[in-house]
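Peer 1: when you get a sec, could you give me coordinates for this:
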Amino acid sequence: MFHSPIAFHVVAMEVHQAAEVCEWIYEAPYDIYGWMPWPQMQELNIEFGDPQLRREQYVSVINEQGRLCGFAQLFPMEGVVRLGIGMRPDLCGQGLGHLFVEPIVREALKRYPEREIDLEVLTWNQRAIRTYQKCGFRITDTYERRTPTGDKPFYCMVYDK
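Peer 2: Next up is the predicted model:
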């Protein structure tokens, strides 16, 4: 049996992990995925800076040594759970994406077995799109969405259960 070089696990997001995510710096054009400083996220009580939202929607993805490798948001909507996924910058582009996304999808299926699973991805982000396709997602829609740098084209990708 093939054993992957890295096994990723989903766990509850701890405060120190949330703070660490805010320190990650991505190279362009992926730098749009960075977060504001942790004290600011806490002060504004937004995203995983909000303790209740962090508990209910955010998970950390760790490796076998317990090191933080990324995070995911499992955002419940009507009939759907939308995934937001972020991998530690130094792990991106290493061919680990499908190993990283699979436990996130399993967690979403466990929490929301009756719901469709989808995600949004910028149409230029072919690296992420290939990863999601490898994990069983398919493009179902294309639309413009507002981002901090203006309206941009996104794909909606749905997981084929």
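Peer 1: beta partners of the residue nearest to the spatial centre of the chain?
Peer 2: The centre of the chain sits closest to residue 85, judged by C-alpha atoms, centre = their mean, with a distance of 0.7 Å. Under the criterion DSSP bridges, residue 85 forms beta bridges with residue 72.
Peer 1: which residues of this protein fall in strands?
Peer 2: 9-12, 58-62, 68-77, 80-87, 116-122, 137-147, 150-159 (DSSP state E).
Peer 1: name the residues that touch the fourth one?
Peer 2: Okay, so that is strand 80-87. 21, 24, 33, 61, 69-75, 96-97, 100-101, 104-105, 108, 111-112, 115-120, 128 (C-beta atoms under 8 Å, 6 or more residues apart in numbering). (C-beta placed from N, C-alpha, C; glycine too.)
Peer 1: 7 Å instead?
Peer 2: 21, 33, 69-75, 100-101, 104, 108, 112, 115-119 (C-beta atoms under 7 Å, 6 or more residues apart in numbering).
Peer 1: next: stretch 44-53.
Peer 2: The contact list for stretch 44-53 (C-beta under 7 Å, 6+ apart) reads 13, 18, 41-42, 54, 58.
Peer 1: residue contacts, residue 20?
Peer 2: Going by C-beta under 7 Å, 6+ apart, residue 20 touches residue 68.
Peer 1: one more: residue 160?
Peer 2: Shown in contact with residue 160 (C-beta under 7 Å, 6+ apart): 136, 138.
Peer 1: quick check, distance from the longest helix that the chain contains to the centre of its chain.
Peer 2: Looking across the chain with DSSP state H, the single longest helix is helix 97-111. Relative to its parent chain, helix 97-111 has a centroid offset of 10 Å by C-alpha atoms, centre = their mean, to the nearest Å.
Peer 1: just give me the neighbour total for the closest residue to residue 137 other than its chain neighbours.
Peer 2: Distance criterion C-beta to C-beta, 6 or more residues apart in numbering; nearest residue to residue 137, sequence neighbours excluded, is residue 157 at 4.0 Å. The number of residues packed near residue 157 is 23, by other C-beta atoms under 10 Å.
Peer 1: is it correct that residue 157 is in contact with residue 134?
Peer 2: No. Applying C-beta atoms under 7 Å as the test, residue 157 and residue 134 come out as separate, 11.6 Å apart.
Peer 1: list the buried residues for the longest helix of the chain?
Peer 2: By neighbour count on 16 or more other C-beta atoms under 10 Å, the buried set for helix 97-111 is 97, 99-105, 107-108.
Peer 1: one more: stretch 23-43?
Peer 2: For stretch 23-43, burial by neighbour count (16+ other C-beta under 10 Å) applies to 24, 30, 33, 35, 38, 41-42.
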